[in-house]
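S.K.: Here you go, sequence then predicted model.
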Amino acid sequence: MKKTVSILGTGWLGHPLANTLKKDYKVKVSIRTDEKEQMFINEGLEPFLLNEKCLEGLENLLDTDYLFINFPPSKFENYLSFLEKIYSNKKTKNIEKIIFISSTSIYPDEEKTFIEDEIFDNPKSPKIYEIEKFIKQKTHLIFRCAGLMGDKRVSGRYFAGKELDSEDVKINYVHLDDVIGATKFALEKNIEGLYNLCSLEHPTRKEVYTKNASKFGFDKPIFKNKKEYKDRLIDGSKIESVGFRYKYPNPLDYEYSSN
């Protein structure tokens, strides 16, 4: 019998993850409204209504072997309160593995390379810092993701034709395929702990934006009035020490879906 994975947050990342995992698992997904319910059913997924004001589907979603939590905090009035309702449910104690998607924005805005055991109390994002403090002892695996790219999310397109002063800034990105791949790897190999997910190479913003502009035919950003920015780098190599390999170790090699 297939094991069950419940995915809380079935948007840009959660939806393709669900369709990848359904080959090997029974997959339940949360939906914020009924609007896409039939679409998910047609794809072979089991949707349940769950949002900040409606916990109707929570009991069904927590009846699972693996739980993947992937809600953008910006979508909530009080994300921490919402998480408390999930983690306080008695069913969470029976879940084999809880995976939580966090962000490398938790690291301080300092010029250095950050690894997972960094100790700090001056996060770039206080909100992410408080969320991790709450979930850390209750969660088997936390992925701190760098800037998410892939699918139709093309780095640089938003800045087409706009002026930027940050051409030499080195970027921290991770491809959608690698987050999905790391999740599959974690389930198959039963890894736990805290891992950064970030491509191993850090080209400059100008290199990435310029290459994508040429490749996809949008206007190159205009780099002028150059300023000095901190080289705040994320080391994503720890997960490779347990056997995972990035599909895209260099953001200059990212592939994207057709428009």
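M.R.: That came through fine. Numbers count the residues shown, from 1 in each chain.

S.K.: shaky segments in the stretch 151-259 of the chain?
M.R.: Counting by pLDDT under 70, the low-confidence segments of the stretch 151-259 of the chain come to 258-259.

S.K.: ok, which stretches of it are helices?
M.R.: Ranges of helices in the stretch 151-259 of the chain, per DSSP state H, counting those that start in this stretch, are 176-189, 205-216.

S.K.: ranking those helices by burial, who's on top?
M.R.: The highest mean neighbour count among the helices of the stretch 151-259 of the chain, using mean count of other CB atoms under 10 Å, belongs to helix 176-189: a mean of 20. The C-beta positions use only the backbone N, C-alpha and C, and glycine is treated the same way.

S.K.: could the helices of the stretch 151-259 of the chain go into a markdown table alongside distance to A146?
M.R.: Shown next, in a markdown table, are these (distance: least, CB to CB, whole Å):
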| stretch | distance to A146 |
| --- | --- |
| helix 176-189 | 10 |
| helix 205-216 | 13 |
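
S.K.: looking at those helices, which is closest to L17?
M.R.: Closest to L17 of the helices of the stretch 151-259 of the chain, according to CB to CB: helix 176-189, at 5.1 Å.

S.K.: For the closest one, C-alpha coordinates in CSV please.
M.R.: What follows is helix 176-189, C-alpha atoms only, in CSV (Å, rounded to 0.1, in the frame of the first residue of the first chain):
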residue,chain,number,x,y,z
LEU,A,176,12.2,24.5,-8.5
ASP,A,177,13.3,21.1,-9.7
ASP,A,178,16.0,20.9,-7.0
VAL,A,179,13.5,21.7,-4.2
ILE,A,180,11.3,18.9,-5.5
GLY,A,181,14.3,16.6,-5.9
ALA,A,182,15.5,17.3,-2.4
THR,A,183,12.0,16.6,-1.0
LYS,A,184,11.9,13.2,-2.9
PHE,A,185,15.4,12.4,-1.7
ALA,A,186,14.4,13.2,1.9
LEU,A,187,11.5,10.9,1.8
GLU,A,188,13.4,8.1,0.2
LYS,A,189,16.5,8.4,2.3
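
S.K.: what sits against L83?
M.R.: Contacts for L83 (CB atoms under 8 Å, 6 or more residues apart in numbering) come out as 69, 131, 134-135.

S.K.: now, which of those residues sits nearest D151?
M.R.: Closest approach between the contacts of L83 and D151, by CB to CB: I69, at 20.5 Å.

S.K.: Done for today, thanks.
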